[in-house]
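Asker: Next comes the sequence, and after it the predicted model I'd like to discuss.
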Amino acid sequence: MLSLGWGLIWTIINLIVLYLLLKKFLIGPILGIMEKRKTLIAQQLENARTTEGKANELKGQYEMAISGAKSQSAQIIEEAKADARTLTERTVREANEQAARILENARKTAEQEKENALAGAKTEIAGLAVEAAKKMLAGGSEAGSRMLYDTFLAEAGDADDRES
């Protein structure tokens, strides 16, 4: 049968002591380290979740800011286009008005020069007619009158050529 001897009892006591020593010096610290690691990992996971939440919140804010900036830039571009159209229309209108004024001034100047030329021609013709009348009264002969008439016509023609 089974004999319980002192060797078996010492072996059981040695196993119990070894178990207690291993539990105290090996298993206990290992379990403590594992518990600390578990706590540390849980804290890091919680920090990661918090950081991820903040990152998502910031991402949302940035996306809103970007969409706001896009709409604002589109509005600024439209305003700039409208200002450019207004400026272009105003510039064209002012250029047309200035061109109309220049044309009107040119017409007035041409009309004035025409009137001045006509007045000068009338004065010169009147002077030639007076001169011819003087010569006719002084000369009296028909040949002299004809010569005077031809001279008058020649001088009147020269006066017209000079004004043209």
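Answerer: Thanks, I have it.
Asker: lowest average confidence, helix or strand, in the chain?
Answerer: When each helix and strand of the chain is scored by mean pLDDT, DSSP states H and E, helix 142-163 comes last, with a mean of 65.
Asker: Low-confidence bits of this protein, can you list those?
Answerer: 1-4, 136-149, 156-164 (pLDDT under 70).
Asker: if we go to 90?
Answerer: 1-10, 23-24, 27-28, 67-71, 74, 117-164 (pLDDT under 90).
Asker: Distance from the longest helix seen in it to the middle of the chain?
Answerer: When the chain is parsed with DSSP state H, its longest helix is helix 28-139. Averaging C-alpha positions (Cα atoms, centre = their mean, to the nearest Å) puts helix 28-139 7 Å from its chain's average.
Asker: quick one: Gly53 from Gly120, how far?
Answerer: Shown here: Gly53 relative to Gly120, a distance of 99 Å by Cβ to Cβ, to the nearest Å. Glycine gets a C-beta too; all of them are placed from N, C-alpha and C.
Asker: So which of the two has more stuff around it?
Answerer: Gly120 (13 against 10; other Cβ atoms under 10 Å).
Asker: Please work out which residues outside the host helix or strand of Leu20 touch it.
Answerer: Assessed by DSSP states H and E, Leu20 sits inside helix 6-22. For helix 6-22, there are no external contacting residues (Cβ atoms under 8 Å, 6 or more residues apart in numbering).
Asker: Please report how far the spatially most central residue of the chain lies from Gln72.
Answerer: When the chain is reduced to its mean C-alpha position, the nearest residue by Cα atoms, centre = their mean turns out to be Ala80, at 6.3 Å. Going from Ala80 to Gln72 by Cβ to Cβ gives 13 Å.
Asker: again with Ile27
Answerer: Relative to Gln72, and taking Cβ to Cβ, Ile27 is found at 66 Å.
Asker: what does Leu118 give?
Answerer: 68 Å.
Asker: Then Leu15?
Answerer: Separation of Leu15 from Gln72 (Cβ to Cβ): 80 Å.
Asker: same thing with Ala84?
Answerer: Counting by Cβ to Cβ - Ala84 and Gln72 are separated by 19 Å.
Asker: And Ala106, by the same measure?
Answerer: The gap separating Ala106 from Gln72 is 50 Å, by Cβ to Cβ.
Asker: and if you look at Lys24?
Answerer: From Lys24 across to Gln72, the span is 71 Å (Cβ to Cβ).
Asker: Same question for Asn96.
Answerer: Asn96 is 36 Å from Gln72, by Cβ to Cβ.
Asker: any idea how far Lys38 is from Ile125?
Answerer: Counting by Cβ to Cβ, the gap from Lys38 to Ile125 is 128 Å.
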